[in-house]
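Participant: Sharing a sequence plus its predicted fold:
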Amino acid sequence: MTVAALAGGLAAAGSAVALGWMFGLPREVLLSLAPKSVTAPVAMGIADRLGGVPALAAVFAVVTGMVGALSAKYLFNALRIDSWAVRGFALGTASHGIGAARALQVHPMQAPTPASRSGCRWSWPRCSCRWSFAGCPDPAVHSR
């Protein structure tokens, strides 16, 4: 699951930047678009370090979360993805905290997957993350 989380994050950032580049967006906007699939405060910090616009990165992060939370049910149904755990993991990877909150509203089986994946992604140095559907063993990560 660690590989899937990393691949999902890289695919989200890479596809957003590639589409922006194809449409001729300015460099600062592309650098602000890259961290769109993380929570807004983290996206702002990443964009700032990359040379992007932190406020714009926050907007992209919030919009990404909302689009994911609103469209996930229809996409999962169209793709015939029935596993609640898989849905939760995918929603947490693509739509960070807003998607994780929506996953919790829909079905309790989705609860540990997006929450633990999102928390462990940004706490990697102190979380050994023995990935399972039970999540990360570090209680500090679960409190986020």
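Facilitator: Everything's here; your move.

Participant: Model confidence score at P125, please.
Facilitator: In the predicted model, P125 carries a pLDDT score of 38.

Participant: go on, the one 4 residues further on?
Facilitator: According to the per-residue confidence, C129 scores 38 in pLDDT.

Participant: How about the one 4 residues further on?
Facilitator: Turning to F133, the model gives it a pLDDT of 36.

Participant: so for stretch 68-81, what's the average pLDDT?
Facilitator: Over the span of stretch 68-81, the pLDDT mean works out to 88.

Participant: which helices and strands sit right next to the lengthiest helix in the chain?
Facilitator: Assignment by DSSP state H gives helix 54-78 as the longest helix of the chain. Judged by 3 or more Cβ pairs under 8 Å, 6 or more residues apart in numbering; DSSP states H and E, helix 54-78 is in contact with helix 27-33, helix 40-50, helix 84-106. Every C-beta, even on glycine, is put in place using the N, C-alpha and C of the backbone.
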